[in-house]
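Undergrad: Need a 3D model of the sequence below.
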Amino acid sequence: MKIFFAFLIAIPLFVKAQEIDASDILFLKIQELEGEIATLRSELESQGYLLEKLLSEEFDQESNLASQDDSTSPDTEIYRFEGINDSKSIDEVYDEGIAYLNKKDYKNAKQSFNYLANNFDDQEKIPLSLFWLGEISMLESNLKEGEQFFQRLAANFPDHWRTPLAHKKIGDILMMSGELSAAKIKYQYVIQSFPENSASSLALQLLENME
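TA: From the prediction side, this is the model:
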């Protein structure tokens, strides 16, 4: 009889012990998941910092190149266009935008490049204007608008020398938006489609950092 009562007393203790073990396991699992989330967050923040740094350095380099091109380009004949309210030529408007860009006056630079892109027809200055509009939009953290400018450049001027970098910039925007899989696909596209272009090297570097 004593054994029987002892057995009855032990049953709830055993059940309670099982419940404690289950709780401990669940707690450990939660801790493990929290650790994994913290690790992923740290990696994402690290990648974001690296990307922002590369973008900043790249933008400074592009601005310097634009400044050099503007200062060393020979004088060219200025053509006036009829049917446009503003009498400025393509070269004048573009040079004005570059001047604002070099002063980091992004608002007026954007206005000049927008005017040029929407009112003129030129196979060189229009895609360049779209490129700078995309760059300025990224600096303003307007990623959606920036992507639209780069997409417009890539779609309308597929053979322009800025098109490979425009595709790479779209990958940057996807990465900054948290769309890592889409960013990888875009970077791989740049590497495969433009292997000889410097944009390919930049895409490869970012792709390797994402692995």
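
Undergrad: Tally up the residues packed near G178, please.
TA: Residue neighbour count, defined by other CB atoms under 10 Å, stands at 10 for G178. Any C-beta I mention is one placed from the backbone N, CA and C, and that applies to glycine too.

Undergrad: Please report the distance of it from L143.
TA: For G178, the distance to L143 under the criterion CB to CB, to the nearest Å works out to 11 Å.

Undergrad: What's the separation between A117 and L133?
TA: Relative to L133, and taking CB to CB, A117 is found at 7 Å.

Undergrad: Return the residues in contact with the residue lying closest to L165 once chain neighbours are set aside.
TA: By the measure of CB to CB, 6 or more residues apart in numbering, the closest residue to L165 outside its immediate chain neighbours is A199, 4.4 Å from it. Contact analysis of A199 by CB atoms under 8 Å, 6 or more residues apart in numbering lists 164-165, 167-168, 190.

Undergrad: and with 10 Å instead?
TA: Neighbour list for A199: 58, 162-169, 171, 187, 190-191, 193 [criterion: CB atoms under 10 Å, 6 or more residues apart in numbering].

Undergrad: would CSV of the residues you listed with pLDDT, secondary structure and neighbour count be doable?
TA: Conversion of these to CSV gives the following (pLDDT from 0 to 100; DSSP: H, G, I helix; E, B strand; the rest coil; neighbours: other CB atoms under 10 Å):
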residue, pLDDT, secondary structure, neighbour count
E58, 63, helix, 18
R162, 97, coil, 21
T163, 97, helix, 22
P164, 97, helix, 22
L165, 97, helix, 26
A166, 97, helix, 25
H167, 97, helix, 24
K168, 97, helix, 25
K169, 97, helix, 28
G171, 96, helix, 26
Y187, 97, helix, 27
V190, 97, helix, 26
I191, 97, helix, 18
S193, 97, helix, 13
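
Undergrad: Could I get these in a markdown table, plus columns for distance to L101?
TA: Rendered in a markdown table, the data for these read as follows (distance: CB to CB, whole Å):
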| residue | distance to L101 |
| --- | --- |
| E58 | 14 |
| R162 | 15 |
| T163 | 20 |
| P164 | 21 |
| L165 | 16 |
| A166 | 17 |
| H167 | 22 |
| K168 | 20 |
| K169 | 16 |
| G171 | 23 |
| Y187 | 26 |
| V190 | 24 |
| I191 | 29 |
| S193 | 28 |
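
Undergrad: what two of those residues have the greatest distance between them?
TA: Considering CB to CB, no two members of the contacts of A199 lie farther apart than E58 and S193, which are separated by 19.3 Å.
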